[in-house]
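Q: Return a 3D structure for these sequence lines:
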Amino acid sequence: MLEEYKQASNGKGMSYWVVVNSLISCCLFSQSVVSYAEGGISEPAMVSAVMKQDPEPNSIYVADRGLGVYRVAQVAAYYGKKVLLRLEKRTAKVLVKSTSLKGSMALN
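A: Numbering: from 1, shown residues only. Down below sits the predicted model:
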């Protein structure tokens with residue numbers, strides 16, 4: 001596994017744990033995996049790979065502020081997917097102003 005994935009580290013040095021970056025999309029109703037990406041690519045690249053594989057035109061993706069939400073929004077717009085993004089209020093306002101995103105935005 002160490003040949004394929006990187007080894008975790010912390011303030012005390014290298015750990016024996018292996019870090020596997022992966023991303024899946026699941027069907028809410030059947031709870032089955034719709035698409036999957038893993039490996040030595042960035043999180044936004046994994047989002048792109050997952051959305052590209054998804055055959056369902058009405059999919060909704062949920063992303064958190066730690067997952068490169070600007071790129072997630074761009075990829076979703078490209079593939080015609082809907083997204084629910086959890087953002088800080090100021091970031092949400094900038095994102096909506098700087099893109100051609102359509103839809104509603106709840107600012108809580």
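
Q: use CA for all of it now, contacts and neighbours both
A: Fine.

Q: buried residues in whichever strand or helix holds Gln74?
A: Secondary structure assignment for Gln74, by DSSP states H and E: helix 69-79. Within helix 69-79, the residues that qualify as buried are Val69, Tyr70, Val72, Ala73, Gln74, Val75, Ala76, Ala77, counting by 16 or more other C-alpha atoms under 10 Å.

Q: On the pLDDT front, check the second one for me.
A: In this model, Tyr70 is scored at 76, pLDDT.

Q: Can you pull out the residues in contact with stretch 52-68?
A: 25, 34-35, 43-44, 69, 72, 79-88 (C-alpha atoms under 8 Å, 6 or more residues apart in numbering).

Q: Can you say which of those residues are buried?
A: 25, 34-35, 43-44, 69, 72, 81-83, 85-87.

Q: closest to Ser15 among those?
A: Using C-alpha to C-alpha, Glu43 comes nearest to Ser15 of those, at 22.3 Å.

Q: Any stretches of this structure with poor pLDDT?
A: For the chain, applying pLDDT under 70 flags the ranges 66-67, 95, 99-108.

Q: looking at it, which residue lies furthest from center?
A: Going by C-alpha atoms, centre = their mean, the residue of the chain most distant from its centre is Lys12, 29.8 Å out.
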